[in-house]
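# Give me the fold of what follows.
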Amino acid sequence: VSGSWDKTIKVWNLETGKEIHTFKAHNDAVNNTSIFADDTRMVSGSWDKTIKVWNLETGKEIHTFKAHNDAVNNTSIFADDTRMVSGSWDK
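Coordinates of the predicted model:
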């Protein structure tokens with residue numbers, strides 16, 4: 001999975017190198033992505049100051065967190081899939 005300056009997230013097949021899906025993700029560059037342990041969801045952090053939770057099977061957005069006042073530059077999901085931490089340029 002990759003995030004991009006073009007505001008999208010792409011899921012790739014590692015064996016073929018082909019793109020599987022593109023998420024039209026955020027209103028600004030996507031800095032990071034993290035996959036849940038169950039492989040059905042992911043989170044993405046962006047320069048648009050939001051964190052989004054996505055369903056990888058349907059490609060639909062599940063939730064948007066608006067908890068930061070500046071770009072979100074890191075997200076990480078706990079192994080139990082119930083909590084997440086995020087880092088930002090805000091203070």
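
# Now do residue 85 against residue 4, distance only.
If you measure residue 85 against residue 4 using Cβ to Cβ, to the nearest Å, the figure is 23 Å. Using the backbone N, CA and C atoms, a C-beta is placed for each residue, glycine as well.

# Residue 34: what's it in contact with?
The contact partners of residue 34, by Cβ atoms under 8 Å, 6 or more residues apart in numbering, come to 42-43, 75-77, 84.

# Could you work out the most separated pair of those?
Pairwise distances across the contacts of residue 34 peak at 11.9 Å for 42 and 76 (criterion: Cβ to Cβ).

# Quick check: beta-bridge partners of the spatially most central residue of the chain?
Geometric centre of the chain, nearest residue: residue 44, 1.5 Å, by Cα atoms, centre = their mean. In this entry, residue 44 is beta-bridged to residue 33, residue 52, by DSSP bridges.

# just checking, it touches residue 75?
Yes: in this structure, residue 44 sits in contact with residue 75. The criterion is Cβ atoms under 8 Å, and the distance is 7.3 Å.

# Overlap in contacts, these two.
Overlap between the contact sets of residue 44 and residue 75, as judged by Cβ under 8 Å, 6+ apart, is given by 32-33, 51.

# the strands in the chain, which residues?
Listed in chain order, the strands of the chain (DSSP state E) span 2-3, 8-12, 19-24, 30-35, 41-46, 51-55, 61-65, 72-77, 84-88.

# Would you mark the buried spots in the last one?
This means strand 84-88. 84, 86, 88 (16 or more other Cβ atoms under 10 Å).

# Who is the second one paired with across the strands?
Read it as residue 86. Partner residues in beta bridges with residue 86: residue 75, with DSSP bridges as the criterion.

# List the contacts of it.
45, 51, 65, 67-68, 72, 74-76.

# Quick one: buried ones out of those?
Buried residues within the contacts of residue 86, counting neighbours by 16+ other Cβ under 10 Å: 45, 51, 65, 68, 72, 75.
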